[in-house]
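> Please work out how this folds:
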Amino acid sequence: MSAQRLTLELSGLFAVPETELIRKGLLALIEKEIRLAENEIASIRERYDVFSKETLYKAIEEKKVAGHPAWEDYIVWKNKEAHIQKLRQLAEKA
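Residues are numbered from 1 along each chain as shown. Predicted coordinates for the structure are as follows:
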């Protein structure tokens, strides 16, 4: 079944206009992606017992944690925060 036919069928089933169905679906996808990114950040926090990426950076510089893989995790954390910010901006537009 094509995406267009599925959208039309779901629109009728839920009694929601197609555009609203698509908007809600996109928002749900964005929310899911935000949760996944937040979970990755939480995992890094837990791994190094830190609250912020700045604290992790400081721990790496002071050699309180091994530089590898901490540097990679720090970069992932920064990228995930940027990703979350972009997703939230998109959600506001929806």
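
> Helix or strand next in line after the strand or helix carrying Leu36, which one?
Leu36 is part of helix 18-48, with elements assigned from DSSP states H and E. Counting by DSSP H and E, the next helix or strand C-terminal to helix 18-48 is helix 53-61.

> now whichever helix or strand comes after that next one: mean pLDDT?
Going down the chain from helix 53-61, the next helix or strand is helix 67-93, by DSSP H and E. Averaged across helix 67-93, pLDDT comes to 97.

> The helix holding Leu36 vs helix 53-61, what angle?
Angle, helix 18-48 to helix 53-61, by axes from the mean of the first three to the mean of the last three CA atoms, to 10 degrees: 30 degrees.

> ok, now which ones touch the residue most central in space within the chain?
Geometric centre of the chain, nearest residue: Ile34, 2.5 Å, by CA atoms, centre = their mean. Each residue near Ile34 by CB atoms under 8 Å, 6 or more residues apart in numbering is listed here: 84, 87-88. All C-beta atoms are positioned from the backbone trio N, CA, C, and that covers glycine.

> Fine by me, thanks again.
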